[in-house]
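Peer 1: turn this into a model:
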Amino acid sequence: MENFIKTVILSSILLSLLSCSNKTDKKTIKNHYLNLQTGKVYENIKIESDTSLSYAVYLPESYTKNRKTKVFLIFDPHADGVLPVRKYKTLADKYGVILAASNNSKNGMRPSYRNHVITEFIGDVEKHFNVDKDRLFTMGLSGGARIAALIGIFNNNVKGIIGCGGGFPNIQHFKNNSFTWIGIVGNKDFNFQELKNLYNQLILSKYRAYLLVFDGKHEWPPVDVVDEAFGILLKNKTEGLKYEVKNPNKLSKWDKKEMKQQNIIVSDFTEKDTAWWKNRIKYLDEKRTSSADKGERLMNARLYNYIGMVSYMFTSNAAKTHNLKKLEKYLSIYETVEPSNPDMFYYKAYYFALKKDKNKTLEFLKKAVDNGLNEKSKILREKVFSFIGKDNLKKLISEKQ
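Peer 2: Now for the predicted structure:
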């Protein structure tokens, strides 16, 4: 942990100092750690040095305070730490490892606050549990995979990185050269090509790397796929891997076409009108199931999902700048490609909030919550919704709790 702290941006130190003003009774928190049971998921462990932060944790049945235990430090892109901990707790028991996942790390954080969250999280886990600090493992999904990689490439004590649906941050020089990287990606994930390319780069640079592919999209992988990754890192089980991709450096004609089409999608997003996009989305929707060639079907599925990701990015940026004209256009495309996406409903509510339409704002906020909006508390924090009234917003959120 000491090595990692030295590498993070210095501004995170200031945030750490500011956090010391918290007056929560630390004795109670310390006693809470002493009372934790093995074989049980704890959703909200408060960090002692900054109680505004927390994490989910699972101690395997074999855990004892008298023996060092390996730990996986996990990062969800939506700060939903309990999701991966619950999903993979059976693997924690199988391999005798601790699972700890941040409830604060998420996509879009300022670098200084991100570093603060990371250092406080890892420091608290290392302080309160008997973990093997010389053999740490990180794991994440999407933007969380980039956080897991960020820690791994700067901390010599990290021996393994599992990146699910996401690659590395934009950093050229690594401090740690001894880690094993395992990329896991769905065959319909819009980041599929990114992980293939990263794998090839790591192999060429003489890193130990593996690429596991499952039948799915941009999501936390099935348990049996992560089981295979744990086996590689913890048991050096590298033979007979069911999900390992052979010769991923060999590009098919569909791989080449997909990478070209991804660039075109980004440029066309602002240039083409909504009618054109609806036809394009309809075409990909048909081809992702009807094409005779499996490679073509999967390419079209990834491009379809890629449009969904690009829609989110453009819509989010238009909302931040309060550009109603662009927001209306991007939402129309977003709704066409992902008609039940909770983030799409959230930004529709945002659009109507900018227009001060209270009824429509509440209608789409409710749809966002009902369809599983991550981090519902952001509805309360977002100033554009303040005209609705805090009590109404709290009621909306609590009805789905």
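
Peer 1: what does stretch 287-305 contact?
Peer 2: The contact list for stretch 287-305, computed with Cβ atoms under 8 Å, 6 or more residues apart in numbering, reads 187-190, 192-193, 217-218, 252-255, 257-258, 261-262, 265, 281, 284-285, 337. Placement of C-beta: from N, CA and C, glycine included.

Peer 1: let's see it at 10 Å
Peer 2: The contact list for stretch 287-305 (Cβ atoms under 10 Å, 6 or more residues apart in numbering) reads 186-193, 215, 217-218, 252-259, 261-262, 264-265, 280-281, 283-286, 337-338.

Peer 1: what residues sit buried inside it?
Peer 2: For stretch 287-305, the neighbour count (16 or more other Cβ atoms under 10 Å) marks 287-288, 291, 296-305 as buried.

Peer 1: quick one: least confident of these?
Peer 2: Lowest pLDDT within these is found at residue 291 (91).

Peer 1: any idea how far that residue is from residue 261?
Peer 2: 14 Å (Cβ to Cβ, to the nearest Å).

Peer 1: again, but for residue 204
Peer 2: Plainly put, residue 204 is 25 Å away from residue 261 if you go by Cβ to Cβ.

Peer 1: of these two, who's got more company?
Peer 2: residue 261 (18 against 10; other Cβ atoms under 10 Å).

Peer 1: got a pLDDT number for the more buried one?
Peer 2: Confidence for residue 261, expressed as pLDDT, is 97.

Peer 1: that one reaches residue 306, doesn't it?
Peer 2: Yes: the pair residue 261 and residue 306 qualifies as a contact (Cβ atoms under 10 Å) at a distance of 8.2 Å.

Peer 1: need the helix or strand of this protein with the lowest average pLDDT.
Peer 2: helix 11-18 (a mean of 32; mean pLDDT, DSSP states H and E).

Peer 1: would you map the strands across the stretch 151-300 of the chain?
Peer 2: Along the stretch 151-300 of the chain, counting by DSSP state E, counting those that start in this stretch, strands occupy 158-164, 180-186, 208-214.

Peer 1: the first one packs against which elements?
Peer 2: Helices and strands touching strand 158-164, as assessed by 3 or more Cβ pairs under 10 Å, 6 or more residues apart in numbering; DSSP states H and E, comprise strand 69-75, strand 131-141, helix 143-154, strand 180-186, helix 192-204, strand 208-214, helix 223-235.

Peer 1: I'd like the ones you listed as JSON lines, with mean pLDDT appended.
Peer 2: Formatted as JSON lines, the helices and strands packed on strand 158-164 follow (pLDDT from 0 to 100):
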{"stretch": "strand 69-75", "mean pLDDT": "98"}
{"stretch": "strand 131-141", "mean pLDDT": "97"}
{"stretch": "helix 143-154", "mean pLDDT": "96"}
{"stretch": "strand 180-186", "mean pLDDT": "98"}
{"stretch": "helix 192-204", "mean pLDDT": "94"}
{"stretch": "strand 208-214", "mean pLDDT": "97"}
{"stretch": "helix 223-235", "mean pLDDT": "98"}
